[in-house]
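Visitor: Okay, structure incoming, though there's no sequence with it:
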């Protein structure tokens, strides 16, 4: 299991076991719920990596494989992937579903600030 670090510059690997700690720790957390077999998820991966680097210290990104973390998928009723869970100050404030270009994703995220 990955240690949760301060101001990561890359997406954290999140699991059923460490998700609650991440939600509590990071004021603005975006969790990319994905699966290795999902084409749109693989397209979104590099965008999430880029945003994590560019917004280090402001937005924390995590990746959660729904195939190996089924409790989280059930807890948040994830039916479609990619599904970004948006957490602000420990509370889930929204979802962004589907892959999109980096600029559009950033615009969508800004609505939750």
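Guide: Great, that's in hand. The structure presented is a predicted model; accordingly, all values stated were derived computationally and were not measured.
Visitor: Find the nearest non-adjacent residue to the residue nearest the centre of the chain, please.
Guide: A centroid search over the chain (CA atoms, centre = their mean) returns residue 31, at 1.6 Å, as the residue closest to the centre. Spatial nearest neighbour of residue 31, excluding adjacent residues (CB to CB, 6 or more residues apart in numbering): residue 85 at 4.3 Å. Heads up, the C-betas are built off the backbone N, CA and C, glycines and all.
Visitor: For the one you found, give me its contacts.
Guide: 30-31, 33, 76, 92, 95 (CB atoms under 8 Å, 6 or more residues apart in numbering).
Visitor: let's see it at 10 Å
Guide: By CB atoms under 10 Å, 6 or more residues apart in numbering, the contact list for residue 85 reads 14, 19, 23, 29-33, 62, 64, 72, 75-76, 78, 92-96.
Visitor: try residue 84
Guide: Residues near residue 84 by CB under 10 Å, 6+ apart: 30-34, 44, 48, 61-62, 94-100, 105, 108-109.
Visitor: Name the spans of this structure whose pLDDT lies under the cut-off.
Guide: Applying pLDDT under 70 to the chain flags residues 1-3.
Visitor: remind me, longest helix of it?
Guide: helix 39-54 (DSSP state H).
Visitor: can you give me the offset of the helix or strand following that helix from its chain's centre?
Guide: Per DSSP states H and E, the first helix or strand lying C-terminal to helix 39-54 is strand 60-65. Remark: strand 60-65 is offset 4 Å from the chain centroid, using CA atoms, centre = their mean, to the nearest Å.
Visitor: ranges for the helices of the chain?
Guide: Going by DSSP H, the chain shows helices at 19-25, 39-54, 70-75, 102-110.
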